[in-house]
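In: Fold the following.
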Amino acid sequence: MSFFKKFFNREKKEDLDKGLEKTKSNFFGKIAKAVAGKTTVDDEVLDELEQVLISSDVGLDTTVKIIDRIEERVKRDSYLGTSELNEILRDEIVQLLSENNTVSLEDYTLPTDSRPAIILVVGVNGVGKTTTIGKLAHQYTKQGLKVVLGAGDTFRAAAVDQLGIWADRVGCDFYSKGMNTDPAAVAYETVRHAIDNNCDVAIIDTAGRLHTKINLMKELSKIRRSVSKSLEGAPHEVLLVLDATTGQNAIEQARHFTEATDVSALALTKLDGTAKGGVAIGISDQFKVPIKYIGVGEGIDQLQVFNKRAFVDSLFEAVE
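Out: Numbering: from 1, shown residues only. Okay, here's the model as predicted:
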């Protein structure tokens, strides 16, 4: 491995560690209080741990699953004490993530070997959708890939303008029909632009309004059909962007969008601004959709490929 590769990985680790600082402080501060004065993992400790996990936005269903597993281990290995609780918890979270569809990628790989690869990006307003698109485009252009951004959120002038600014900043193509135009038409024509201009990837923004689930379903379905007509087999990925600072609300958003369309990957933003990083565990467990990217800072290079082992190691590093 080259010196640059080592340095790059170290930089990524430092960003991840810093991005999870608030979560670690909140999470393990509460665990320390739960086991204070205790030597064995009894029912009281497990009850306290359950409350810690729920308050860290892991989610009730996932929390119950983790507690049940720890309880089984305690019954099986009666000698386990509170000093080993952190290691047991780490093991169970890694196992949970491994059982789900959360994959650990090494780099920003495209979702298909065919060109152009079409990525449809969905999510409500304010979650960091446009920024995530821009940062993802930056990573692809760094690899020498030709990228086009499609401004399919035509209901907000700011969305179109912001995406154009990101395209200029990244140095990639930009396709827009302006405001108040048909988003499905923008998606269709963005794909045609990608084909006609030999682009490697098209990343298409969509409206961030939920309205009702029926309207959401209709709009996303129309866009998907339009993209598919433009290129058979597209979109190759539907990326749902969620804001980690919203905690359980992010899980509700994931539920709405996974019901409305075939979400194939998740991006979890703003982990650096929240103590609710546990939501990543709950989302992975409940929806069986891979978390592909996490945002750990505002910098253009601070969108990271999600690595479950690195995430859990960083989360637990503070208590070693």
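In: Which parts of this structure are strands?
Out: Assigned by DSSP state E, the strands in the chain fall at 117-122, 147-150, 173-175, 201-205, 237-243, 265-269, 291-295, 303-305.
In: Kindly compare burial across the ones you listed and name the winner.
Out: strand 201-205 (a mean of 29; mean count of other CB atoms under 10 Å). Heads up, the C-betas are built off the backbone N, CA and C, glycines and all.
In: can you give me the mean pLDDT across that one?
Out: Average pLDDT, strand 201-205: 98.
In: Per the annotation, how does this protein divide into domains?
Out: For the chain, automatic domain parsing gives the domain ranges 3-99, 117-306.
In: from the middle of its chain, how far away would the first one be?
Out: Relative to the mean C-alpha coordinate of its chain, domain 3-99 is positioned 20 Å out (CA atoms, centre = their mean, to the nearest Å).
In: So which residues of the protein form helices?
Out: Along the chain, counting by DSSP state H, helices occupy 3-19, 21-35, 43-55, 60-76, 85-99, 129-142, 157-170, 183-196, 213-230, 248-260, 279-287, 308-317.
In: Out of the domains of the chain, which is the most enclosed?
Out: Ranked by mean neighbour count under mean count of other CB under 10 Å, these are led by domain 117-306, which reaches a mean of 20.
In: Return the residues in contact with residue 255.
Out: residue 287 (CB atoms under 8 Å, 6 or more residues apart in numbering).
In: Could I get the helices of the chain in a markdown table, plus columns for mean pLDDT and distance to residue 269?
Out: Listed next are these as a markdown table, based on pLDDT from 0 to 100; distance: least, CB to CB, whole Å:
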| stretch | mean pLDDT | distance to residue 269 |
| --- | --- | --- |
| helix 3-19 | 66 | 11 |
| helix 21-35 | 75 | 14 |
| helix 43-55 | 88 | 21 |
| helix 60-76 | 89 | 20 |
| helix 85-99 | 83 | 19 |
| helix 129-142 | 96 | 6 |
| helix 157-170 | 94 | 15 |
| helix 183-196 | 97 | 22 |
| helix 213-230 | 87 | 20 |
| helix 248-260 | 87 | 10 |
| helix 279-287 | 88 | 11 |
| helix 308-317 | 82 | 15 |
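In: Of those, which is nearest residue 122?
Out: Closest approach to residue 122 among these is made by helix 248-260 (5.8 Å; CB to CB).
In: Could you check the angle that closest one makes with strand 237-243?
Out: Here the directions of helix 248-260 and strand 237-243 differ by 160 degrees (axes from the mean of the first three to the mean of the last three CA atoms, to 10 degrees).
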